[in-house]
Each structure stands twice: as C-alpha cells, then as structure tokens.
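Engineer: Return atomic coordinates for the entry below.
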Amino acid sequence: MSQPLTDRIAEFIVQTTGADFDPAAHAAAVRPIVDTIGVVMAGRSGTAGQAVLDYARRIAGRGEQATTWSGAPASLPPEITAMVSATLGHALDYDDELAGTGHPSAILVSAILSLPLERLSGAAMIEAFVIGYEVNVKVANIVGHRHYRKGWHTTATVGGFGAVAAASKLLGLDQEQTKTALGIVGSLAGGLQRNFGTMTKPLHSGLAARNGVAAAQLASVGFSASMDVLDGSRGFVDVYADGGEDLTAIERLGQPWAILDPGATLKKYPCCYATHRPIDGVLQLQATHDLDPDDIAVIDVKAPTFGLHPLIHHDPKTGLQGKFSLEYVLAAALTDRRVALDSFTDEAVNRPQVRELMDKVVAVEDPTCRPEDPEAKNSSAGTGGFHVITLRTRSGQEHRTTVEFPSGSPHHPLSWSDIAAKFEECLDAGGRDLGPGRALFENLKALAEQQDVHALLRSGLTGGDA
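Structural biologist: This is a model prediction of the structure:
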C-alpha cells in the first residue's frame with residue numbers, strides 16, 4: 001500500500017461530498033439519525049443520563065435555564081455539549097449497533113449537532129454523517145477484531161475518528177488540518193470493557209464525541225499533532241490492533257458504503273446487542289407454544305464462539321448490569337413477554353420471580369454455531385453464525401429455535417412504523433410532548449429537505465426542559 005493510512009483518510013474526508021455517495025446512502029442514513037435523536041431524548045430517564053445532565057448543569061451554573069435539544073445547558077462549549085448528548089444517546093443501550101464497530105450514530109449525531117455553525121441543513125448533516133460513519137467503520141475494520149477481544153471498547157477507541165471526520169467536514173478543514181485533527185483524536189482514544197454495566201460505559205460514547213469535536217476545533221486554530229497517527233511503529237494501528245490489523249480495509253472506503261453494507265442495526269431492545277438473538281428466540285418460542293414462565297425448567301442457549309463475551313454480569317443487582325446479563329434479559333423476557341425500557345430498573349432486576357428464572361439459564365459457546373469462523377478470529381459477539389435456543393418444560397417437553405438475524409438488523413429491519421413507535425416510547429421516557437414530537441418525527445423522515453435542523457429540533461421539542 002503506497003499511500004499512508006492517515007493521508008488516505010484525510011483525503012477522503014476533504015474530497016468526498018454527498019454527490020459521491022451511492023444514491024441509496026442518503027436515505028439509509030436518515031433512519032439511524034432519526035432513531036438516534038429519539039434515544040438521546042430518552043437518555044435522561046436513566047441513571048447515567050440524569051448524572052451526566054447534573055454534571056453539565058454544575059459546569060454551566062444551575063441558574064441557567066436555556067438548553068439545547070438534548071437537554072444540556074446551552075452555554076456549554078461544543079465539545080462538552082457533544083459529550084453530554086452522546087452519553088445520553090448510549091445511556092440506555094438503545095442506540096444503533098454495527099457489530100465489530102460499536103455504536104457510531106450517537107457519537108456522530110451528537111458531534112454534528114454540537115458544532116457552532118450558523119446553520120445546519122439536513123443535506124449537510126447527512127453528508128457529514130455518512131462520511132463520519134464510513135471513517136468510523138473502516139478504521140475499526142483496519143484495527144480488527146483482536147482489539148475488542150483484548151478488552152478495548154471500540155465505540156470509545158475508534159468512535160472518535162468518526163466524530164472527527166464529521167466535524168472536520170462541517171468545519172471545512174483542509175487536508176493538512178484534517179490530518180492534524182486525526183492525530184489529536186488518536187491520542188485521546190481509550191475505553192475498557194471492564195466498565196460495561198456502569199455509567200462509564202455510555203460515557204465512552206460521550207468521550208468519543210467530545211474528542212472528535214475538540215480535535216477538529218484545535219486543528220482549525222493551528223494546533224499541531226502527528227501527521228501520520230494511524231501509520232507505522234507506535235502509531236494507532238500498531239498499538240491498538242494487537243497484531244490483528246487489516247490494512248486492506250482502507251481500499252474499501254466508500255466501496256461499499258458502510259451505511260449500506262453491512263448497514264446499521266436499529267435496536268429493538270434497550271440492552272447489549274449480544275442478547276438480541278436469544279431474546280428473539282425465547283419470545284418466539286413462548287408466543288408459539290404459549291409457555292408460562294413457571295412451567296419452564298431449563299433455558300438452554302448455544303452461542304457462537306465469543307458470542308457471550310460482553311455479557312459479564314451473571315448476578316446483576318442494577319438495571320445497568322442487567323443490560324449485560326443474558327440470564328436477566330431472558331428471565332425478564334419470559335416473565336413480561338417483552339423487553340422494553342422499563343425492564344431495566346433496579347427494581348425490575350431484583351424481582352423474586354425473575355431471580356428464580358435466571359437460575360434456569362444455561363449458556364455455552366459452541367464453535368459449530370459459527371461454522372464460517374468457528375474460533376471467531378474475524379467475528380464480533382453479534383455477527384455471523386446463529387444462536388440455538390431451547391426451552392424445556394417441567395413436563396419434559398422441549399421447544400427449540402435457531403436465530404441467525406435479530407430483529408432490527410439489516411436482514412430483519414425495523415419498519416418506519418416500528419421506528420415511529422420506538423421514537424414515541426423515547427419521547428415519553430424523556431418527558432417530551434408527544435404532539436410536537438410526532439410532527440418532528442415526520443419532518444426528520446424528510447431530513448434531506450430541511451434547511452435548518454436546529455430550528456426544526458427547537459420547534460419539535462417543547463416538552464420536558466428543552
């Protein structure tokens with residue numbers, strides 16, 4: 001490869017415009033943007049969202065009344081506004097997923113909407129989003145899956161590159177400034193999976209957005225950094241890839257566009273994506289066979305190699321821990337016949353009936369569940385293969401199903417009606433007025449036609465403390 005990675009990515013950011021996209025990419029981007037705006041608004045209903053907003057109010061001074069669309073004080077600097085918004089967006093684990101990459105959209109939407117621009121059109125937002133999404137995904141592809149297996153959280157470590165790409169595009173940085181911005185953001189990367197199930201996990205998203213916005217702004221005023229941060233000895237890829245890098249991924253920038261292939265997964269359930277196939281499976285079996293939770297003796301799950309890796313809480317005590325507990329989400333799904341935002345309160349996690357059902361979950365990783373990559377050398381927890389879910393009843397009956405593609409994935413996408421219902425659920429959770437919120441949703445569906453996104457958000461978010 002003749003051209004350095006950093007040069008190639010900076011060139012791509014500066015030279016690419018919306019006119020270069022596959023025509024379908026524009027429409028494909030609108031879905032995660034709309035979904036993300038909803039989950040950001042819902043984020044304040046969780047403990048992490050409440051805490052980060054309290055932090056923001058302390059910085060701004062509690063006397064301030066004016067707020068941004070996300071609920072953050074209006075006087076905050078752009079990078080802190082981005083941090084608050086992206087933390088809210090990831091606070092409930094309801095934001096979109098791209099397996100092997102993390103959760104790019106909360107980072108990108110928050111970074112884009114925090115920038116101090118005179119006006120932001122819908123077309124400009126889509127352009128920056130698609131470019132940022134592409135850079136985020138391809139840098140994650142370059143770093144490879146060993147990075148995540150090592151214990152890094154890709155949302156935090158790589159997400160800043162997507163944010164800095166979107167911010168650099170909107171701020172009009174030239175190629176040298178963009179390389180500088182990439183250099184700055186490369187030194188700000190961090191985030192450990194050890195913090196899954198705590199408030200710091202959604203903060204990873206916030207810090208990635210903050211880092212991208214700060215790096216682009218610093219580069220715009222002449223700050224200096226390495227001009228080849230991704231390349232060579234002690235560069236980002238060398239340090240973070242753990243020997244599993246794929247440098248050929250740079251050749252796939254825009255070929256295909258990541259927003260189309262593999263495409264975003266809009267979450268149906270507000271919890272770790274590694275639980276979604278098992279949730280689909282138990283709910284399907286329960287509905288088909290009308291199973292009462294008290295009649296279930298064993299909940300057996302076979303997952304692909306590495307498929308259980310993020311599910312680190314086997315005896316959760318809090319709602320946040322419950323999002324990363326296979327035992328809890330399956331017990332809650334069978335008890336309530338659904339999984340929703342109210343499934344993840346501390347009270348819900350500690351219900352005696354649910355605790356009893358959790359003890360019946362038996363989960364193992366089985367290489368035969370991912371025959372194309374049995375050792376998961378090139379797979380993440382949520383990609384490839386399939387899950388086998390079996391429910392055994394006290395009377396000895398056995399019901400089994402196989403789930404390859406979960407609800408919300410590109411192979412089984414949420415419809416616009418599904419997205420609208422989720423948007424309303426998020427509005428309600430965030431204490432927003434449903435009337436203006438519904439009108440906002442319809443206008444956001446036509447995002448490419450909007451001339452002023454900030455004005456649109458202000459008019460549609462009159463409830464709560466917006």
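Engineer: how about low-confidence regions in the stretch 51-200 of the chain?
Structural biologist: For the stretch 51-200 of the chain, no stretch has pLDDT under 70.
Engineer: Now do the contacts for the nearest residue to Thr345 once chain neighbours are set aside.
Structural biologist: Distances taken as Cβ to Cβ, 6 or more residues apart in numbering put Gly319 closest to Thr345, at 5.0 Å, once the chain neighbours are dropped. Yep, even glycine has a C-beta here, placed from its N, CA and C like the rest. Applying Cβ atoms under 8 Å, 6 or more residues apart in numbering to Gly319 gives the contacts Gly46, Thr47, Phe344, Thr345, Asp346, Ala348, Val349.
Engineer: 7 Å instead, please
Structural biologist: Phe344, Thr345, Asp346, Ala348, Val349 (Cβ atoms under 7 Å, 6 or more residues apart in numbering).
Engineer: mind pulling up the phi and psi values for the residue nearest the centre of the chain?
Structural biologist: The C-alpha lying nearest the average C-alpha coordinate of the chain belongs to His103 (Cα atoms, centre = their mean; 2.3 Å). Backbone torsions of His103, given as degrees, to the nearest 10, read phi -130, psi 80.
Engineer: Hmm, it is touching His204, no?
Structural biologist: No: under the criterion of Cβ atoms under 7 Å, His103 makes no contact with His204, lying 8.9 Å away.
Engineer: Touching both of the two, which residues are there?
Structural biologist: Counting by Cβ under 7 Å, 6+ apart, the residues touching both His103 and His204 are Thr155.
Engineer: Kindly state the domain boundaries assigned to the protein.
Structural biologist: Each domain of the chain is listed here as a residue range: 5-263, 273-403, per automatic domain parsing.
Engineer: Out of those, the one nearest Ala446 is which?
Structural biologist: The minimum distance between Ala446 and those falls on domain 5-263, with 7.8 Å, by Cβ to Cβ.
Engineer: Might you calculate how far that closest one sits from the centre of the chain?
Structural biologist: 10 Å (Cα atoms, centre = their mean, to the nearest Å).
Engineer: distance between the ends of that domain?
Structural biologist: Terminal residues of domain 5-263 lie 23 Å apart, using Cα to Cα, to the nearest Å.
Engineer: sorry, back to before: now for the contacts of Gly319: which two are most distant?
Structural biologist: Using Cβ to Cβ, the two most remote members of the contacts of Gly319 are Phe344 and Asp346, lying 8.7 Å apart.
Engineer: Looking at these two, which has the bigger crowd around it?
Structural biologist: Phe344 (27 against 14; other Cβ atoms under 10 Å).
Engineer: residue contacts, that one?
Structural biologist: Phe344 is in contact with Pro270, Cys271, Gly319, Gly322, Lys323, counting by Cβ under 7 Å, 6+ apart.
Engineer: what sits against the last one?
Structural biologist: The contact partners of Lys323, taken as Cβ under 7 Å, 6+ apart, are Asp93, Gly197, Cys271, Cys272, Phe344.
Engineer: Return the residues in contact with the residue nearest to it when sequence neighbours are not counted.
Structural biologist: Of all residues not flanking Lys323 in the chain, Cys271 sits nearest, at 4.1 Å (Cβ to Cβ, 6+ apart). Counting by Cβ under 7 Å, 6+ apart, Cys271 touches Asp93, Lys323, Val329, Val339, Phe344.
Engineer: could those residues go into TSV alongside secondary structure?
Structural biologist: Compiled in TSV, those are given as follows (DSSP: H, G, I helix; E, B strand; the rest coil):
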residue	secondary structure
Asp93	coil
Lys323	coil
Val329	helix
Val339	coil
Phe344	helix
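Engineer: Would you mind pulling the contact partners of stretch 420-428?
Structural biologist: Applying Cβ under 7 Å, 6+ apart, the contact partners of stretch 420-428 are Val34, Asp35, Gly38, Val39, Met41, Ala42, Leu341, Leu434, Gly437, Phe441.
Engineer: Just the element for Gly437, please.
Structural biologist: With elements taken from DSSP states H and E, the one containing Gly437 is helix 434-445.
Engineer: So which residues of this structure form strands?
Structural biologist: Taking DSSP state E, the strands of the chain run over residues 296-303, 361-365, 387-393, 398-403.
Engineer: which one of these lies closest to Gln284?
Structural biologist: Of the strands of the chain, nearest to Gln284 by Cβ to Cβ is strand 398-403, at 5.6 Å.
Engineer: Can you check what pLDDT the model gives Leu341?
Structural biologist: Leu341 is assigned a pLDDT of 95 by the prediction.
Engineer: again with Thr462
Structural biologist: At Thr462, the pLDDT value in this model is 57.
Engineer: Return stretch 335-348 as CSV; C-alpha atoms alone will do.
Structural biologist: Provided in CSV are the C-alpha atoms of stretch 335-348 (Å, rounded to 0.1, in the frame of the first residue of the first chain):
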residue,chain,number,x,y,z
THR,A,335,-41.8,-13.1,32.7
ASP,A,336,-43.1,-9.9,30.9
ARG,A,337,-43.4,-11.3,27.4
ARG,A,338,-41.4,-8.3,26.2
VAL,A,339,-38.2,-6.4,26.8
ALA,A,340,-38.5,-2.6,27.0
LEU,A,341,-37.1,0.5,28.7
ASP,A,342,-38.8,-0.4,32.0
SER,A,343,-37.2,-3.8,32.0
PHE,A,344,-34.0,-2.2,33.3
THR,A,345,-34.8,-0.5,36.5
ASP,A,346,-33.1,-1.8,39.7
GLU,A,347,-36.5,-2.9,41.0
ALA,A,348,-37.2,-5.0,37.8
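Engineer: got the buried residues for that stretch?
Structural biologist: Thr335, Asp336, Val339, Leu341, Asp342, Ser343, Phe344, Thr345, Ala348 (16 or more other Cβ atoms under 10 Å).
Engineer: For Pro256, state which of these is nearest.
Structural biologist: Val339 (32.0 Å).
Engineer: these two touch, right, the closest one and Ala332?
Structural biologist: Yes: if you go by Cβ under 7 Å, Val339 and Ala332 touch, sitting 6.1 Å apart.
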